[in-house]
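Peer 1: need a 3D model of the sequence below.
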Amino acid sequence: MIKKFIKTGFLNKTKLIVSIISILLLSIIFMSQYTIFSFKNDIDILFQKRLVSSVKLSHIKDLYKINIYETINQYKRKEISFKEANNVIKLANILIQKEWNNYLETESIPKNTFEYLIFNNIKTLKKEIDNKLNKFLTTREINIQKLSNNINLINIYLSNLININLKKAIIQKNNTDKKFSFAVKASIISIIIVFIITITLIFLIIEKFKNINTLLEKKVEEKTKELQIMNKTLEKRIEKKINEIRKKDKIMFQQSKLAAMGEMLQNITHQWRQPLANLSMIIESFQIKNEFGKLESKYIENKTKEALIIAENMSKTIEDFRNFFIPDKIKKRFSIKECLLKTKKQN
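Peer 2: Numbering: from 1, shown residues only. Modelled structure (predicted):
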C-alpha cells in the first residue's frame, strides 16, 4: 500500500491527501452537530416531562372543580341522584390520587423552599377535602361553602405549583436555548477555524510537495545530464586509459628487455670467464717459454690453433645468446654428444 502511494504521481498524492482531510473534517462537523442536537433533544424531553407534571396538576384542579364540586352542587339541586354523585366522586378521588402519586414519582421537591410549603398545604387541604367527601358519602351531609373554600384554596395552591413548575421549565428552557445557541455558534466558529487551518495546512502541504517534487525533478535532470556527459566522454576516457595501459606495458616491456639483456650479459660473462682464463694461460706460456728459450714454432702453432678454437667458441657463445633472445628462432636439431665433446675439448 505504501509502495503504491510512493509510486503514484504528485497530483494523485495531493488529491488523496485533500480527500482524506476533507472526509475527516466533514466527520468532525457531523459528529459535533449530532452531539449538539442530541443534547438539545435531551433537554427538550426534560422540558416536556416538566410540562407533563404541570398538566397532571392541572388535571387534579379540574377534577376537584368539575367532578367533585359541581357534582355535589348538582346533587344539592337534585339534578342527579346520590348514587350517581357517589360514583362520580369516588372515580374523581381515584383519578386525583393516581395523578398525585404520578406527580410525586416524577418530581422531587427540596425542603425549606416556598414550593415545599405549598406542597405541605396541598397535602393538608387534600386530607380535609377527603374527610369531608367521606363524610358526605356516608351521611349525605356536607357544608358546601366550606368545601368550595377548600377546593378554591387547593386549586390556588395547585396553580402556584403549576406556575413554579412552568417558571422552572421556562428558565431551564431559556438557559438550554442559550447554551444551545452558544454551542452552535462556538461549533460554527470552531468549524470555520478548523476549516481555515485545514485549508492552510493543505496549501502548505501542497506547496511542500511541489517544492520536493521540483527539487527531485531538478536532481533527476542534473543526474541525467551527468550521465549523458559521462556517456559522451566515456569512449574518450576508455581510449585514454587504454593508451595509458599500453604505455605502461611498453615501459614494463622495456624494463623486462633491459633486465633480460643484463641477465644475458651476466651469462655471457660467466661463459667467457674460463675461455679468457685459458687464453691468458696460453699467452703466459708464450712468455715463459720465450724467457727460458724453449719457445718453438710447433708449440706456437699448436697453442695458436688452441687459442683460435677458444676464440671461435667464445664467438659462438655470443651468437647462441643472441639467437636465444630472438623471438622468431628457427628450430634445428642438435646432438648432445657433440656438445659434450666440444665442451670437453675446450676444457
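
Peer 1: distance from the host helix or strand of residue 320 to the middle of the chain?
Peer 2: Using DSSP states H and E, residue 320 maps to helix 297-324. Offset of helix 297-324 from its chain centre (CA atoms, centre = their mean, to the nearest Å): 98 Å.

Peer 1: by contact count, what packs against that helix?
Peer 2: Secondary-structure packing of helix 297-324 (3 or more CB pairs under 8 Å, 6 or more residues apart in numbering; DSSP states H and E): helix 144-292, helix 336-346. Where C-beta positions appear, they are placed from N, C-alpha and C, glycine not excepted.

Peer 1: let's see 7 Å
Peer 2: helix 144-292 (3 or more CB pairs under 7 Å, 6 or more residues apart in numbering; DSSP states H and E).

Peer 1: burial of the nearest residue to residue 121 once chain neighbours are set aside, as a residue count?
Peer 2: Leaving aside its chain neighbours, residue 121 sits nearest to residue 157 (5.2 Å; criterion: CB to CB, 6 or more residues apart in numbering). Using other CB atoms under 10 Å, residue 157 has 22 neighbouring residues.

Peer 1: surely residue 157 and residue 122 touch.
Peer 2: Yes. Look at residue 157 against residue 122 with CB atoms under 7 Å: they come within range, at 4.8 Å.

Peer 1: what about residue 118, distance to residue 125?
Peer 2: 10 Å (CB to CB, to the nearest Å).

Peer 1: how about residue 200?
Peer 2: Counting by CB to CB, the gap from residue 200 to residue 125 is 69 Å.

Peer 1: more neighbours: which of those two?
Peer 2: Ranked by neighbour count (other CB under 10 Å), residue 200 and residue 125 place residue 125 first, with 20 against 10.

Peer 1: sorry, back to before: now the helix holding residue 320 against helix 144-292, angle please.
Peer 2: In terms of direction (axes from the mean of the first three to the mean of the last three CA atoms, to 10 degrees), helix 297-324 departs from helix 144-292 by 160 degrees.

Peer 1: what comes up buried for helix 297-324?
Peer 2: Across helix 297-324, burial judged by 16 or more other CB atoms under 10 Å covers 303, 307, 310, 313-314, 317, 321.

Peer 1: could you do stretch 199-215 as well?
Peer 2: For stretch 199-215, the neighbour count (16+ other CB under 10 Å) marks no residue as buried.

Peer 1: do stretch 139-147 as well
Peer 2: 142, 147.

Peer 1: got the CA positions of it in CSV?
Peer 2: Output in CSV follows, covering the C-alpha atoms of stretch 139-147 (Å, rounded to 0.1, in the frame of the first residue of the first chain):
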residue,chain,number,x,y,z
THR,A,139,-74.1,10.8,55.8
ARG,A,140,-75.1,12.7,52.6
GLU,A,141,-74.4,15.9,54.5
ILE,A,142,-71.8,18.4,53.7
ASN,A,143,-71.1,22.1,54.1
ILE,A,144,-70.9,23.2,50.5
GLN,A,145,-69.4,26.6,51.3
LYS,A,146,-66.5,25.2,53.3
LEU,A,147,-65.9,22.5,50.6
